[in-house]
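Enquirer: Just the structure for this:
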Amino acid sequence: MQRNLLIKTLVIIGVLLAFLFGIFGVPGSFTREGLKEAVLNRIHLGLDLKGGTHLILQVMVNEAVGAESDHAIEVLKDELQKRHIVVADVTKPDPDRPERILVQGAPPDAAADVRSIVSDHLQEYDIIGGANNTWNLTMKPSVLNDLKTRTVDQSIEAIRTRVDALGVSEPVIQKNGMGNDQILVQLPGVDDPGRVKEIIQSTARLELRQGFGSQGGYDNEQAALQANGGMLPPNTVMLRGIAGGSDRQERVFIVGRIPVVGGTDIRTAEPSTGQDGRAVVVFHLTTAAGNKFGDFTGAHNESGADPNHYLAIVLDNRVREFASIRTEIRDTGEIEGGFTDQSAKDLAMLLRSGALPASLHYLTERTVGPSLGADSIRSGVKAAIAGMVAVLVFMLIYYRGAGINADVALVLNLIILLGFMGFFGAVLTLPGIAGVILTVGMGVDSNVLIFERIREELRNGKAAAAAVDQGFDRAWTTILDTHVTTIVSALILIFVGSGPVSGFGLTLTFGLLANLFTAVFVSRVIFDAFLSRKQRGDALSI
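Expert: Numbers count the residues shown, from 1 in each chain. Below you'll find the model as predicted:
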């Protein structure tokens, strides 16, 4: 008996020390400030306590759908041209439904060829023939829904990569359950929300395209058309930008419609310094993209017969560089353009994180000041301390000697809860503090169930040891049922709720698990230790 009691006591002491380490780690000093800093290094404060920025973003998923249908149109045109099928036009008739493509003026005898092109190269589309030799292509619903979902997921990952690179601790970036295609972003402790917003929203879509016409660009769109006989070369577009000259004035450039390589082909990027001492951004391509780019630059350099030996570096549909291709380039390139050191770092970070598949619109922006966070912490901590003290005093008065047992279990319960949070690097929010207080209440409830059972057994004439045994055994089922059902509800809050709601569920779950250990195991060990020192027949103070 004594040996078992000693082992259980050592287990409790070991658990206590382990979770104290979870709370404090190894403090730099044992002063008040040193211990406070140690705790905050282990348990992070959420947005409502630390202050920061709360954003709700709308992902413009139709842009991603439009980009996909634009690619489909190019494929369709190329295949029609290869089969020598002439049509009047291939367009997207409804801007609000970019998943639809309309082919007009198709020859009646080309129906089989059109269907064959769609079935072989555009399997994501359904095709229906219409009046006046028209064909309607519509993206399949399953493909459309998958594309929209993927667009939101990719946006979340790109935003998370960018926020992590900024060093924001414990951000919340997830789907917003209150609306379709929305993202919730919470950034605790952000001191420059304007810069963060700019970085989050920028698509940073880098493309390398073939350049046509004049290296210096044109003054306007009309001048570009006049220089090319009144019409653009096939498969080209006009883009504006500041490139190709020392005056850095905005010009119009003619570039290929389809990029040679795009943003997803960027392996990494970093800020650097150019030959003139100015900030530049150096990017590196993936192996596959580098081979493709090498083949292109090898076939389109100024030593060959092709007069269009230019390369346009396009960032977010604006030309940043327009230069002659002199030699074959494989996997590395450089972007110039009047960068500051900070803007070069930001652009490199955006390129590394990958382009957003669609633009973002801000629906909600709310800033929580750190002074409000400090007030919330003080109020929450005062409430927790007041509630804890009131419960401890009540247990001592109502249950007398056994109340000491309950108070020790409750304090250990709180230590285990905070230790859990420290080990997992959990974020403490204001609702999380409410979860801590609720956990204290649940702990008291468990002790009350056990103690009342013990009192009932004593009233029935049983000895103290037998009453304690029966009290714990009969209360255990009820305690387990209540805790399991509450933990299931808390887990739902963790996985379904956002930010603070999830934090409440997390602290409640940790607290309930701790309470099962303290209310049943620790309290029982304390009772056994007390009873081992009493003579048979002595009364139990409860």
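
Enquirer: Which parts of the stretch 351-500 of the chain are strands?
Expert: Secondary structure of the stretch 351-500 of the chain (DSSP state E, counting those that start in this stretch): strands at 360-368, 427-428.

Enquirer: looking at those, which has the lowest confidence?
Expert: Per-stretch averages of pLDDT across the strands of the stretch 351-500 of the chain put strand 427-428 at the bottom, with a mean of 78.

Enquirer: can you give me the offset of it from its chain's centre?
Expert: Going by C-alpha atoms, centre = their mean, to the nearest Å, the spacing between the C-alpha centre of strand 427-428 and its chain's C-alpha centre is 17 Å.

Enquirer: Equivalent analysis for stretch 409-416, please.
Expert: Using C-alpha atoms, centre = their mean, the mean C-alpha position of stretch 409-416 is found 33 Å from that of the whole chain.

Enquirer: For the strands of the stretch 351-500 of the chain, give me TSV that also has mean neighbour count and distance to residue 160.
Expert: The way it works is simple: take the backbone N, C-alpha and C, and place the C-beta from them, glycine included. Rendered in TSV, the data for these read as follows (neighbours: other C-beta atoms under 10 Å; distance: least, C-beta to C-beta, whole Å):
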stretch	mean neighbour count	distance to residue 160
strand 360-368	15	14
strand 427-428	26	15
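
Enquirer: Relative to residue 56, which of those is closest?
Expert: Nearest of those to residue 56, taken as C-beta to C-beta: strand 360-368 at 3.9 Å.

Enquirer: who touches residue 508 in this structure?
Expert: Contact analysis of residue 508 by C-beta atoms under 8 Å, 6 or more residues apart in numbering lists 435, 438, 439, 486, 490, 493.

Enquirer: The residue lying closest to the third one once chain neighbours are set aside: what's it in contact with?
Expert: Nearest residue to residue 439 in three dimensions, chain neighbours excluded: residue 511, at 2.8 Å (C-beta to C-beta, 6 or more residues apart in numbering). Listed by C-beta under 8 Å, 6+ apart, the contact partners of residue 511 are 413, 417, 435, 436, 438, 439, 440, 442, 443.

Enquirer: Likewise for residue 138?
Expert: The neighbourhood of residue 138, defined by C-beta under 8 Å, 6+ apart, consists of 99, 100, 101, 125, 126, 128.

Enquirer: make it 10 Å
Expert: By C-beta atoms under 10 Å, 6 or more residues apart in numbering, the contact set of residue 138 is 69, 97, 99, 100, 101, 124, 125, 126, 127, 128, 144.

Enquirer: you'd agree the second one is up against residue 137?
Expert: What it means is residue 97. No - using C-beta atoms under 10 Å, residue 97 is not in contact with residue 137; the gap is 11.8 Å.

Enquirer: what about those two, which has more around it?
Expert: residue 137 (23 against 15; other C-beta atoms under 10 Å).

Enquirer: helix, strand or coil for that one?
Expert: Reduced to three states with DSSP: H, G, I helix; E, B strand; the rest coil, the structure at residue 137 is strand.

Enquirer: rewinding a little: taking the contacts of residue 508 together, which two end up most distant?
Expert: When C-beta to C-beta is used, the two most widely separated members of these are 439 and 493, lying 14.0 Å apart.

Enquirer: So for these two, which residues contact both of them?
Expert: When contacts are counted by C-beta under 10 Å, 6+ apart, residue 439 and residue 493 are jointly contacted by 508, 509.

Enquirer: you'd agree residue 85 is in a helix?
Expert: No - assessed with three-state DSSP, residue 85 is coil; it does not lie in a helix.

Enquirer: circling back to that earlier point, now, which of the contacts of residue 138 sits nearest residue 214?
Expert: When these are ranked by distance to residue 214 (C-beta to C-beta), residue 69 comes first, at 32.0 Å.

Enquirer: Might you report the residue contacts of that closest one?
Expert: The contact partners of residue 69, taken as C-beta under 10 Å, 6+ apart, are 62, 76, 92, 97-101, 122, 124-125, 137-139.

Enquirer: Redo these as JSON lines? Include distance to residue 465 and pLDDT.
Expert: Compiled in JSON lines, the contacts of residue 69 are given as follows (distance: C-beta to C-beta, whole Å; pLDDT from 0 to 100):
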{"residue": "62", "distance to residue 465": "73", "pLDDT": "91"}
{"residue": "76", "distance to residue 465": "86", "pLDDT": "91"}
{"residue": "92", "distance to residue 465": "83", "pLDDT": "91"}
{"residue": "97", "distance to residue 465": "78", "pLDDT": "92"}
{"residue": "98", "distance to residue 465": "77", "pLDDT": "92"}
{"residue": "99", "distance to residue 465": "75", "pLDDT": "93"}
{"residue": "100", "distance to residue 465": "80", "pLDDT": "94"}
{"residue": "101", "distance to residue 465": "83", "pLDDT": "93"}
{"residue": "122", "distance to residue 465": "81", "pLDDT": "91"}
{"residue": "124", "distance to residue 465": "74", "pLDDT": "92"}
{"residue": "125", "distance to residue 465": "79", "pLDDT": "94"}
{"residue": "137", "distance to residue 465": "82", "pLDDT": "93"}
{"residue": "138", "distance to residue 465": "78", "pLDDT": "94"}
{"residue": "139", "distance to residue 465": "75", "pLDDT": "94"}
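
Enquirer: mind listing which of those residues are in helices?
Expert: 62, 76 (DSSP state H).

Enquirer: from the contacts of residue 69, which is closest to residue 407?
Expert: Sorting the contacts of residue 69 by how near they are to residue 407, with C-beta to C-beta, puts residue 62 at the top with 60.7 Å.

Enquirer: That closest one touches residue 95, doesn't it?
Expert: Yes - checked against C-beta under 10 Å, the pair residue 62 and residue 95 is within contact range at 8.7 Å.
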